[in-house]
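**Q** Any chance you can model this:
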Amino acid sequence: SPFLERFPQPQTAAEGAAEAGEASPGARRARYALVAVVVHMGDAYGGHYICYCKTRTRGEEEGSGGQAGARWLLYNDENVREVSIVDVLRCEPYLLFYEQVL
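**A** Have a look, this model is predicted:
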């Protein structure tokens, strides 16, 4: 998808450091999962922000990174509705939020 081509999810912190030539032997391999996307609609002089957020399923622990059964919600002022991952991946992100996967 164009979203993932432009903003791929980081593989691991250690791999990112290795690409930058900063990795140390035995570096911890932290993994991250996308949990929210903020979108700005408008221009530099004004506009509106919306947010897509992944919800946790019952029994899913923080930091588990689970995608199975994950629901994405769109927050637009007082309106909240469920959306598909396709909607999230089609957006033009302004800000991405990740959580470390344990």
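**Q** How about residue 31: which residues does it bridge to?
**A** residue 101 (DSSP bridges).
**Q** what about it, neighbour count?
**A** Neighbour count for residue 31, taken as other C-beta atoms under 10 Å: 18. No exception for glycine: its C-beta is placed from N, CA and C like everyone else's.
**Q** Please apply the same query to residue 97.
**A** 14.
**Q** ok, it - contacts?
**A** 34-38 (C-beta atoms under 8 Å, 6 or more residues apart in numbering).
**Q** In terms of pLDDT, where does it sit?
**A** On pLDDT, residue 97 comes in at 94.
**Q** Quick one, which of the contacts of residue 97 has the minimum pLDDT?
**A** For those, the pLDDT minimum is residue 34, 90.
**Q** Let me see the contact set for it.
**A** Residue 34 touches 9, 54, 96-98, counting by C-beta under 8 Å, 6+ apart.
**Q** CSV for those, including secondary structure?
**A** Formatted as CSV, the contacts of residue 34 follow (DSSP: H, G, I helix; E, B strand; the rest coil):
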residue, secondary structure
9, coil
54, strand
96, strand
97, strand
98, strand
